[in-house]
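Visitor: Could you look at this predicted model? Sequence included:
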Amino acid sequence: MDKLEESDRREVVAKVYEKFSSVLRKSEIVNKLVEMGLRKSSVYRYMKLLERGKSLDRKPGSGPQAIKLNNQLKKRLIKMVEGKVFPGYRKIGKKLGCSHTYAKKLIEEAGIFVRNRQKCPKSSDRQKKEQKTALRKLRYLISGRAPILRTFLSFDRLKLFGRI
C-alpha cells in the first residue's frame, strides 16, 4: 500500500469507509486499513474529512510554489553570494522563499562559486613572542609606571582643573 500514490490511497479509504461505516465501528475500519498497509494517522485524517462531508480530492494550487531558475533569480543569487562571505543556505532559502536544500540546488545549477568563511591562521612562535612583548609594554604603560604616561596624565589633570 505504501507504493500507491496519494490519490489512490484516498480512494481506497473512501471506498472502505463507505462500504463498512454502517456495519463496523470506526476503530475496526481503521484496523482493517492499517492491516492493508496504510498509516493510522492518514486513515484517521481521511475519515475525519469524510465524516464532515468534504471530498478527499487535492485542491489545485495547494502545496509550495515552485521556484524556477531564471535570469532574474540568477542575478539575485549572484548578488547575494558572489564575492562575499557565504551567509548560509538557510538564510538564502529564507530570502528566496524556498528550502535550504533547494537553495543549494539552485546555486549549484547557476554555477555560482561559494566562498566559505576562512579560519584564522595559527600564530608562529616568533609572532607569539612578539605578542607577549607587546602586551607587556601595554601593561607597563597602562599601569602608570611608565614615565611618559605619568607626565601625560599629570599634565592632563592640571589642564582639567584649570591650573595651566
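Guide: That came in fine, so what should we check first? Numbers count the residues shown, from 1 in each chain.
Visitor: all contacts plus neighbour counts: C-alpha atoms, from now on.
Guide: OK.
Visitor: In stretch 128-141, which residues are buried?
Guide: Across stretch 128-141, burial judged by 16 or more other Cα atoms under 10 Å covers no residue at all.
Visitor: Leu135 sits in which helix or strand?
Guide: For Leu135, the host element (DSSP states H and E) is helix 125-143.
Visitor: which secondary structure elements does that helix contact?
Guide: Using 3 or more Cα pairs under 8 Å, 6 or more residues apart in numbering; DSSP states H and E as the contact test, no helix or strand touches helix 125-143.
Visitor: Flag the shaky bits of the protein, pLDDT-wise.
Guide: The chain contains residues with pLDDT under 70 at 1-2, 62-64, 144-164.
Visitor: Show me the domain layout of this structure.
Guide: As recorded under automatic domain parsing, the domains making up the chain are 6-51, 71-110, 136-164.
Visitor: host element of the residue nearest to the spatial centre of the chain?
Guide: Nearest to the geometric centre of the chain sits Arg90, at 3.4 Å (Cα atoms, centre = their mean). Assigned by DSSP H and E, Arg90 belongs to helix 89-96.
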